[in-house]
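Novice: Need a 3D model of the following:
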Amino acid sequence: MRLLCIPKQLEKLVFRLRQSPGIRRSQRGSYCINTDLFAIDRTAGAFARPKNQFFKLFGYITSFSLILLLGALAGCGKYYLSVCQQWIDVRYLASTQAKTPDPRQDHPPQGQMIAIDWRVPNSIFKKKPEVVLDLIFWDYTTKTVCFPIEHRMGYVTYSLLDEDYLKTGGILTYKVEIVTEDGDIYEEWKHQLWVNLITIEDDNG
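Specialist: Model prediction:
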């Protein structure tokens, strides 16, 4: 039997988050988590959408594009690793903004998406690197997802949707690394709440 030991720092942070009135499902919209965890809530007024539908749709597209651009600019020099997160719900559908018929409106997707983009030097690319995404969910289960890097510059996405999202409660925290085939870590990015969970083997299990 394996027992999971949750570090006290994470327990305290999760407790504080669960007491916060704006936590998780009420935090809708895209945000880059290189910034403050709750920046989207405090800056909601600055991104208020105009009533005109054309400008409303343009605003959504511009906001997400700006997030990706800022993420790329956050990297040091011409090589970087950037990570952003977006909530997925009915507002993620293009038909919601364009006010067009869409059968998915009756059962829209629900969950979270993590977008990872990078640019690595040729010396690293020759070592067959991969993106390693370590996830901790709200139910304290964990998952590791690996994406092979096939181009020096590119991006991948990981989505937790619908049944899997409801089962786990969503993504609590995560870490992203670019690792070469010989196990060397070229670049690392950690979410603000990231801690290493400790698994203890129970001999009585």
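Novice: I would like the residues contacting stretch 166-176, please.
Specialist: Residues from elsewhere that reach stretch 166-176 (Cβ atoms under 8 Å, 6 or more residues apart in numbering): 10, 14, 24, 81, 83, 85, 110-112, 114, 116, 131-141, 160, 188-195. The C-beta positions use only the backbone N, C-alpha and C, and glycine is treated the same way.
Novice: In it, which residues are buried?
Specialist: If you call a residue buried by 16 or more other Cβ atoms under 10 Å, then stretch 166-176 has these buried ones: 168, 170-176.
Novice: which ones among the residues you listed are found in strands?
Specialist: 171-176 (DSSP state E).
Novice: All the helices of this protein, residue numbers only.
Specialist: 8-19, 39-42, 53-73, 94-98, 122-125, 162-168 (DSSP state H).
Novice: May I have the fifth one as PDB, with CA atoms only?
Specialist: This file holds the C-alpha atoms of helix 122-125, laid out as PDB (Å, rounded to 0.1, in the frame of the first residue of the first chain):
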ATOM      1  CA  ASN A 122      20.700  23.500 -32.000                       C
ATOM      2  CA  SER A 123      23.200  22.000 -29.600                       C
ATOM      3  CA  ILE A 124      20.300  20.900 -27.300                       C
ATOM      4  CA  PHE A 125      18.000  19.900 -30.200                       C
END
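Novice: Show me which residues of that helix are buried.
Specialist: 124-125.
Novice: Renumber starting at 559 from here on
Specialist: That works, and once the first residue is 559, the last one we named lands at helix 680-683.
Novice: List the contacts of residue 676.
Specialist: 638-640, 689, 707, 711-713, 736, 745.
Novice: Does it have any beta-bridge partners, and if so which?
Specialist: residue 639, residue 712 (DSSP bridges).
Novice: For it, give me the pLDDT.
Specialist: For residue 676, the pLDDT comes out at 97.
Novice: mind checking how far it is from residue 721?
Specialist: 30 Å (Cβ to Cβ, to the nearest Å).
Novice: Throw together a PyMOL command that grabs the buried residues out of the contacts of stretch 724-734.
Specialist: Listed next is the PyMOL selection for buried residues among the contacts of stretch 724-734, using 16+ other Cβ under 10 Å:
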select buried, resi 568+572+582+639+641+643+668+669+670+672+674+689+690+691+692+693+694+695+696+718+747+749+751+753
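Novice: Out of the contacts of stretch 724-734, name the ones that lie in strands.
Specialist: Per DSSP E, the contacts of stretch 724-734 map to strands at 639, 641, 643, 669-670, 672, 674, 689-695, 718, 746-748.
Novice: I'd like the distance between residue 744 and residue 714.
Specialist: Taking Cβ to Cβ, one finds residue 744 at 16 Å from residue 714.
Novice: When the two are compared, which one has more neighbours?
Specialist: More neighbours surround residue 744 than the other of residue 744 and residue 714, with 19 against 15 (other Cβ atoms under 10 Å).
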